[in-house]
Structure formats: structure tokens, C-alpha cells
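S.K.: my questions are about this predicted structure, shown below with the sequence.
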Amino acid sequence: MRIHIPNMHDIRLITIVPSENFVNIKCREIFFLGDLLELVEAKFEFGIGLYFVVVLITSVVVLEFCPLICEMFEVICIVCGLIGLILRWQVATFPYSGEGLPPKFGDYEAQRHWMEVTLNLPLREWYLHTSRNDLNYWGLDYPPLTAYHSYLIGRIFAAFLPESVALKTSRGFESSMHKFMMRGSVMISDLLLPALLVFHFVIKPKKRTTTWWPVLLGVTAPPFILIDYGHFQYNCVSLGLTAWAIMALLTEKITLGAILFTLAVNHKQMSLYHAATFFCYMFSTVIIKRADFFTGFRVGTTILSTLGLMWLPFGDRCVNVINRIFPIKRGVFEDKVGTFWYVLDRFLPVKGVVPDATLARTCAIVSVSMLIPSAIQFVVSVSSKKTSTESLQRAFLVNLFTNSIIFFLFSYHVHEKSILLAVLPAVLLLEWYPLEMVWFVTVASFSLFPLLYQEGSHLALLLVTTIFLLAAQQAGVFKQIKSKIHGLVFLCSIGGYLALIGGLLYVPPPPKLPHIYQAGIAAYSFVHYTAFLIYFHVK
């Protein structure tokens with residue numbers, strides 16, 4: 001079957017949808033390079049869809065041969081990298097946040113709008129409400145590096161598709177070419193994927209027997225793919241910078257690690273979830289363990305210099321930037337998210353009742369208080385000269401993991417996507433705690449279902465999560481389940497999510513509780529996150 005493509009901006013994808021009475025043929029936009037690529041693909045949606053089944057069968061075949069071909073660094077990186085790229089681009093064909101939903105659309109439009117603002121307005125107006133920059137319409141609310149990144153991508157868009165970044169007139173701009181370029185901009189910005197490919201070669205336990213499976217599980221971890229390539233954001237930049245910073249620190253490149261992590265924080269302020277672990281590690285290693293005050297001074301100077309490069313261009317407008325990136329007025333949580341405050345609000349209303357400033361202070365106090373016990377233990381462990389390198393690496397990643405969960409559960413203004421901050425150390429810990437971390441990543445994936453269901457990308461979540469679990473099965477992760485009780489707990493955990501998801505898809509909610517399934521998934525996720533936090537604190 002072929003389609004005549006009149007021009008490079010009008011490319012359609014034939015979708016064959018079996019229904020009860022007949023086969024409907026629908027047209028759906030796809031983003032490829034018009035006259036150069038004439039592509040037709042048949043997608044069959046029958047239940048989850050024959051297409052879904054074909055991808056799963058292909059994945060099973062690939063996973064079956066992975067252990068045979070993946071025992072060399074180059075081969076592992078190529079094979080796992082290709083699998084990661086294919087999954088990411090396939091998810092990119094699903095709907096994104098706010099697609100075709102005026103007047104404000106969604107995160108896709110927010111990212112496009114930031115390109116428009118940074119490209120057309122002077123830097124002093126980027127975070128300032130003016131007649132040309134309406135902050136109520138997706139105003140910039142991330143630190144300067146995000147703005148610079150938007151400017152750079154915007155320059156490229158201005159060269160090839162200037163109407164997509166024209167001031168004000170480009171609002172809500174959507175075209176086939178634009179979607180292709182936007183999706184492509186995420187891929188070329190992805191610093192996380194290469195970090196996941198090489199991490200387990202740089203940081204590795206002594207008892208390792210194979211390498212391919214932690215790399216494969218890392219690149220197929222659903223939350224990374226679904227949020228950036230489905231929902232549409234650029235978390236892969238800050239998460240990638242953080243992953244490279246971790247590798248630098250754990251290989252004794254303290255100054256480089258400090259620079260990379262400072263850049264991560266200046267791209268997404270949520271990277272501050274990891275700040276306590278980074279600070280404790282650098283302070284304990286450089287000052288307490290080595291008493292190397294010169295290195296400490298150098299690291300401090302480097303951090304301040306990096307901050308200066310990011311912030312000095314804003315001059316006296318820095319206050320505007322800070323007010324935008326720490327939005328006290330936006331509430332303690334966003335939508336239905338599995339945090340302590342959301343669950344508490346179901347029984348004892350706090351949002352909109354307790355003043356935002358009071359609630360923000362309370363969140364800060366609770367979060368810091370929860371961090372202190374593990375921080376003390378971590379500092380003692382790092383400071384000891386008896387601690388082996390492998391134990392130090394594991395302790396760093398575990399502390400990063402638990403701190404991320406603490407901030408997710410108890411900090412102020414949290415949304416579903418913030419769980420990515422905990423998923424990062426989880427995939428880096430796969431070689432030490434394979435079953436626990438596969439379980440956690442699966443839980444984090446299912447917790448995103450309401451968000452993606454709202455956007456129409458929930459099938460992508462089911463597809464990628466199934467592939468991830470197949471990869472874990474092929475890697476022998478589930479052989480770590482040693483008793484029937486443990487196996488039953490795991491099955492009940494996943495089964496609970498599937499029951500809630502099935503209810504959301506097929507069972508109408510009670511009229512008085514229209515969001516009961518979404519709230520149930522959030523509360524169920526809170527229980528899981530709390531259990532993981534307690535487990536790793538005790539362990």
C-alpha cells in the first residue's frame with residue numbers, strides 16, 4: 001500500500017482499526033522528512049492491538065539473543081543503544097501533552113513557547129511579566145540553563161521553520177514537520193541515554209558475571225522514555241548531567257562531578273533532590289577523610305564560578321528567576337500524585353486550607369528532618385578509610401535513592417514526573433539490587449498511568465513496561481524471588497496496579513467519585529514508595 005505525498009509538510013499514516021462492524025481507516029500525522037521518506041505503516045488496534053503484539057514478539061526475539069551477542073563493550077552499546085533509540089522513537093509517535101487542546105495546550109506547547117520567548121525577547125524579559133511575555137501563558141519556570149537550551153533549539157527552529165517560533169503568532173503551532181523537529185530535539189538533547197550505556201562499565205561490582213542486562217534494563221526503563229518522548233519534556237538533559245556527575249564523583253573526579261551536578265541543578269531545580277547526597281559525599285571525602293582543603297576550595301570555587309556563568313547575565317533580575325522557579329503559590333502538589341501530602345489531603349484537607357507559605361515551610365522542615373538520620377550514617381561511612389570502593393559506590397547510590405524518595409513524598413509542589421529523580425539511582429543500582437529496583441521502576445511506571453491516559457499515550461506505557469519486564473525476565477531477575485511469600489507479594493503488588501488500571505479503562509466510576517481510580521493509583525503508589533523507603537533504611 002502506498003500513499004501519494006503532495007509535499008513534505010503533509011505526511012499521513014494509514015491506521016487500520018478493526019471495530020465491531022467494519023474496518024475504519026484513519027489518517028494520523030507522522031513526522032518524517034516528506035519527499036525524502038515515503039513511509040506507510042499499518043497499525044492494527046485490536047484490544048491492545050496486533051501492533052502491540054508484533055512489537056512484543058520482536059522484543060522477545062531480540063532479548064532471547066542478547067546474552068549471546070552482548071558480552072563486549074562495543075556490541076552492548078550498539079545493540080542496547082539501538083533498542084533504546086527504537087523504543088524512544090516509537091513512543092514519540094503517540095500523542096503528547098496537550099495535543100490539539102487549545103487554548104493552553106500542554107507541556108509540548110510550553111517547550112515551544114520558551115523557544116519563542118528566548119529567541120524574540122531580550123534576556124532581561126525572559127522571566128518578567130510584560131506586554132510581550134505573558135507569564136500566565138506557560139511562563140518560564142525552570143533555571144537559566146533550561147532557558148539557554150530553549151534559545152539554542154529555538155535558533156535551529158528559526159532557521160528551518162521560522163513560523164513555529166514567531167512571537168505571539170506561533171502560539172499552539174502544530175505541523176507534521178514541527179512535531180518531527182520537536183521530537184528530534186529531545187533525541188539530540190538526550191544526555192541520559194549514553195550515560196546509561198556506559199555507567200555499568202565504569203561503576204561495577206567485583207562479583208559481576210555479565211554486563212548486558214543492567215545496560216538493557218537501564219535504556220528500556222519506561223519512565224525516562226514515557227515522560228520525555230511521550231508526554232514531552234527534556235528531563236534527559238538534567239538527568240543525564242546528574243548521571244555523568246555520579247560517574248565523575250565515584251571515579252574520584254570531584255571537580256568535574258561538581259561542575260556537572262551544578263549544571264544539572266541549573267537545568268531543572270528538582271535536581272536539588274540529589275543535592276544532599278552530593279554535598280555529603282564531597283564534604284566527607286575531601287574535607288573529613290582527606291583533609292584536603294585546597295581541593296575543597298577548588299571545588300567550592302568551581303561551583304560558584306559555574307553558578308556565576310549561569311546567573312550573572314540576569315543581573316538584578318535574578319530575584320524574578322528565583323520567584324519563578326520556586327512557585328510557592330502553585331500549591332503543595334499538582335494533580336493526583338502519590339505523595340504524603342496528597343494522601344493526607346484526602347482525609348485532612350491541607351491544600352487551599354493551610355497558607356501556602358506555612359505549608360512550604362512545613363514541607364521543608366519535614367523533608368530535612370527525614371534526611372538527617374541517613375545523612376549522618378552516610379557521612380560516617382564515606383569518611384571511614386575502611387570502607388571499600390564498592391561499598392562506597394553502593395552507599396552513595398542508595399543514599400541518593402532514599403533521599404529522592406523522601407523529597408518526592410514530603411517536599412513542596414511535587415508532580416508525578418518528579419519520580420524520575422528516584423528512578424535514576426534505581427536503574428544505577430540494578431546490579432546490586434536487581435529485583436528491588438526492577439520492582440521500583442515498574443511501580444514508578446504504573447504511577448504515571450493516569451497522566452498518560454489523560455493524553456492518550458497509555459498504550460505506550462503498557463507496551464514499554466511489558467518490554468521492560470520481559471527484559472528483566474530474560475536477565476533472570478525474577479529468579480531472585482526465593483520464597484512463595486515474596487513471589488505472592490510481588491504478584492499482588494503488580495496485580496493491584498493492573499486492577500486499578502483495568503477499572504480506569506473499562507469500569508465507569510461512581511458519579512460522586514469520578515476520579516476514584518486516579519486517586520487510587522496515587523495512594524497505592526504512595527504505599528509502595530513508603531515501603532521502599534523503609535526497606536532501604538532498614539537494610
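M.R.: Yep, that arrived.
S.K.: got the CA coordinates for stretch 88-99 in PDB?
M.R.: C-alpha atoms of stretch 88-99 as PDB (Å, rounded to 0.1, in the frame of the first residue of the first chain):
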ATOM      1  CA  ARG A  88      12.100   6.100  22.200                       C
ATOM      2  CA  TRP A  89      11.100   7.000  18.600                       C
ATOM      3  CA  GLN A  90       8.200   4.600  18.600                       C
ATOM      4  CA  VAL A  91       6.800   6.200  21.800                       C
ATOM      5  CA  ALA A  92       7.200   9.500  20.000                       C
ATOM      6  CA  THR A  93       4.500   8.500  17.600                       C
ATOM      7  CA  PHE A  94       1.900   8.500  20.400                       C
ATOM      8  CA  PRO A  95       0.100  11.700  21.500                       C
ATOM      9  CA  TYR A  96       1.900  14.300  23.600                       C
ATOM     10  CA  SER A  97       0.800  16.600  26.300                       C
ATOM     11  CA  GLY A  98      -1.900  19.000  25.200                       C
ATOM     12  CA  GLU A  99      -2.000  17.800  21.500                       C
END
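S.K.: now that stretch, how far from the centre of its chain.
M.R.: 15 Å (Cα atoms, centre = their mean, to the nearest Å).
S.K.: in it, what counts as buried?
M.R.: When neighbours are counted by 16 or more other Cβ atoms under 10 Å, the buried residues of stretch 88-99 are found to be Arg88, Gln90, Val91, Ala92, Thr93, Phe94, Pro95, Tyr96, Ser97, Gly98, Glu99. For the C-beta atoms, the positions are set from N, CA and C on the backbone; glycine is no exception.
S.K.: ok, now stretch 189-209?
M.R.: 189-200, 203.
S.K.: inside helices: which ones of these?
M.R.: Counting by DSSP state H, the buried residues of stretch 189-209 place Ser189, Leu192, Leu193, Pro194, Ala195, Leu196, Leu197, Val198, Phe199, His200 in helices.
S.K.: ok, back up a step: out of the buried residues of stretch 88-99, which comes closest to Gln454?
M.R.: Closest approach to Gln454 among the buried residues of stretch 88-99 (Cβ to Cβ): Ser97, at 8.8 Å.
S.K.: is it true that that closest one touches Gln111?
M.R.: No: counting by Cβ atoms under 8 Å, Ser97 does not reach Gln111; the two are 9.4 Å apart.
S.K.: gap between Ala424 and Ala243?
M.R.: Ala isn't right for residue 424; it's Leu. 6 Å (Cβ to Cβ, to the nearest Å).
S.K.: closest one to Leu226 out of the ones in helices among the buried residues of stretch 189-209, please.
M.R.: Leu192 (13.3 Å).
S.K.: need the contact list for Arg132.
M.R.: With contact set as Cβ atoms under 8 Å, 6 or more residues apart in numbering, Arg132 has these partners: Asn120, Leu121, Glu125, Leu167, Lys168.
S.K.: farthest-separated two in those?
M.R.: Glu125 and Lys168 (13.5 Å).
S.K.: so the two - more neighbours on which side?
M.R.: Set Glu125 next to Lys168 and count neighbours by other Cβ atoms under 10 Å: Glu125 wins out with 17 against 12.
S.K.: is the residue lying closest to the more buried one once chain neighbours are set aside part of a helix or strand, or is it coil?
M.R.: Of all residues not flanking Glu125 in the chain, Asn133 sits nearest, at 5.3 Å (Cβ to Cβ, 6 or more residues apart in numbering). Under DSSP: H, G, I helix; E, B strand; the rest coil, Asn133 falls in the coil class.
S.K.: my guess is Asn133 contacts Glu116, does it?
M.R.: No: counting by Cβ under 8 Å, Asn133 does not reach Glu116; the two are 9.7 Å apart.
S.K.: give me the more crowded residue out of the two.
M.R.: Counted by other Cβ under 10 Å, Asn133 and Glu116 do not tie: Glu116 has more neighbours, with 25 against 20.
S.K.: so the more buried one is in which element?
M.R.: Element membership for Glu116 (DSSP states H and E) is helix 107-120.
S.K.: tell me what that helix is packed against?
M.R.: Judged by 3 or more Cβ pairs under 8 Å, 6 or more residues apart in numbering; DSSP states H and E, helix 107-120 is in contact with helix 144-160, helix 176-189.
S.K.: which secondary structure elements does the longest one contact?
M.R.: For helix 144-160, the elements it packs on are helix 107-120, helix 176-189, helix 293-311, judged by 3+ Cβ pairs under 8 Å, 6+ apart.
S.K.: quickly compare those and say which is most buried.
M.R.: Most buried of the helices and strands packed on helix 144-160 by mean neighbour count (mean count of other Cβ atoms under 10 Å) is helix 107-120; its value is a mean of 23.
S.K.: could you check the angle it makes with helix 176-189?
M.R.: In terms of direction (axes from the mean of the first three to the mean of the last three Cα atoms, to 10 degrees), helix 107-120 departs from helix 176-189 by 80 degrees.
S.K.: between helix 107-120 and helix 144-160, how many degrees?
M.R.: Using the same axes, to 10 degrees: helix 107-120 against helix 144-160 is 80 degrees.
S.K.: report the rounded mean pLDDT for helix 107-120.
M.R.: Averaged over helix 107-120, pLDDT sits at 98.
S.K.: how far does it sit from the chain's center?
M.R.: Counting by Cα atoms, centre = their mean, helix 107-120 comes out at 20 Å from the chain centroid.
S.K.: what's in contact with it?
M.R.: Residues contacting helix 107-120 (Cβ under 8 Å, 6+ apart): 96-99, 125-126, 132-133, 137-138, 140, 146-148, 150-151, 153-155, 157-158, 164-167, 170-173, 178, 182, 231-234.
S.K.: now stretch 384-404
M.R.: With Cβ under 8 Å, 6+ apart, stretch 384-404 has contacts from 203, 205-206, 246, 249-250, 273-274, 276-277, 280-281, 289, 371, 374-375, 378, 381-382, 421-422, 424-426, 428-429, 432, 533, 536-537.
S.K.: restricted to buried residues, select those residues in ChimeraX.
M.R.: To isolate the buried members of the contacts of stretch 384-404 in ChimeraX, using 16+ other Cβ under 10 Å:
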select :203,246,249,250,273,274,276,277,280,281,371,374,375,378,381,382,421,422,424,425,426,428,429,533,536
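S.K.: right, I'll call it a day here.
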